[in-house]
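Engineer: Provided below for reference: sequence and predicted model.
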Amino acid sequence: MVDDIERAGRALARFQAWLNAPNPPKPIAEIKIKNVASVPAFDIQEIPGAMRKLFLPVSARLMDRWFSGALNYSPTTADEQAEVNQNGKAYPADMYDTSTVKLDWVLRFPRAKKQFDLLLNEIIRSPKSRDELYKQLLPYKDGPPRLYTEDICGNNLRELHRRFQFQYAKVDGTFGQKIETLLDARLRNNGAPDDLSGALGSFNIYAALGSARFWWDVESRRTTAEVTGVWVYVKDNYTFTDKPGEPSQYLGHWSSNGVIVVLLPQHS
């Protein structure tokens, strides 16, 4: 009788444990994946072809030029300003392109023309510009009455920029300018860049001293200088270098047929 009670107790305990046990997990349904055709491979060197389909001919020519050139980039912003490459040497002469982008072409774009006019009508006439020109002209005050910077620099554009550039105007360089251009692209072309953005991105229009004349002012008893010519030009480095610690710059989702720009936060 005691044995029967013990067996009944053990059976009740097992039953109670079964009642308290959690439900077993449901079996995962098998998913059969059908064979799907893979997306065709797209090489970065196909982008110029896509640019031409988007009617960005100058952008395409510049990128073709970049792909065909030797490895030449500046590791830091300071190196870029000094025009020094990854080997610590000055950019080779064949890394400069002076024929693809023309100022007349740049000025076809209203936002560039606006900054060009601002540079000529206001910026180069500012007190800061006068101060910079004074510094540049001072070493030549006792020289010939006429000064031509192209002769001084031997028609070397790099030297002219280094020695006599004194002002500039930004195009798509400020936050406000970038937003305005982005919104315009969204309205006109679903966010795809125009040829100016594709070729130069954000850039500067520079002003450099071109020519001047000196004379002795009897009343003030000092040499006076008059600026008679100014060089105005576009200069920009063709580079995709990212700043250390910052996310890689977003340039759109490209395919052989074009580009889609997705306005979402970018993460590194």
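Structural biologist: Thanks, I have the structure now. None of the values given here were measured: they were computed from a predicted structure.
Engineer: what segments of this structure are helices?
Structural biologist: 2-20, 47-53, 57-68, 77-82, 103-106, 110-121, 127-137, 149-152, 157-164, 175-189, 195-200 (DSSP state H).
Engineer: in a markdown table, list these along with mean pLDDT.
Structural biologist: Shown next, in a markdown table, are the helices of the chain (pLDDT from 0 to 100):
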| stretch | mean pLDDT |
| --- | --- |
| helix 2-20 | 59 |
| helix 47-53 | 93 |
| helix 57-68 | 93 |
| helix 77-82 | 86 |
| helix 103-106 | 96 |
| helix 110-121 | 96 |
| helix 127-137 | 96 |
| helix 149-152 | 96 |
| helix 157-164 | 93 |
| helix 175-189 | 80 |
| helix 195-200 | 93 |
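Engineer: out of those helices, nearest to Lys235?
Structural biologist: helix 157-164 (6.3 Å; CB to CB). Bear in mind the C-beta positions are built from the backbone N, C-alpha and C, glycine included.
Engineer: show me what counts as buried in the closest one.
Structural biologist: The neighbour-count check on helix 157-164 (16 or more other CB atoms under 10 Å) flags 160-161, 164 as buried.
Engineer: now it - C-alpha only, PDB.
Structural biologist: Extracted in PDB, the C-alpha atoms of helix 157-164 (Å, rounded to 0.1, in the frame of the first residue of the first chain):
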ATOM      1  CA  LEU A 157      49.900  80.000 -63.900                       C
ATOM      2  CA  ARG A 158      50.900  78.100 -60.700                       C
ATOM      3  CA  GLU A 159      53.400  80.800 -59.900                       C
ATOM      4  CA  LEU A 160      50.900  83.600 -60.600                       C
ATOM      5  CA  HIS A 161      48.400  82.000 -58.200                       C
ATOM      6  CA  ARG A 162      51.000  81.500 -55.500                       C
ATOM      7  CA  ARG A 163      52.400  85.000 -55.700                       C
ATOM      8  CA  PHE A 164      49.600  87.400 -56.800                       C
END
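Engineer: by contact count, what packs against that helix?
Structural biologist: The helices and strands touching helix 157-164, judged by 3 or more CB pairs under 8 Å, 6 or more residues apart in numbering; DSSP states H and E, are helix 149-152, strand 203-217, strand 222-235.
Engineer: cool, thanks, signing off.
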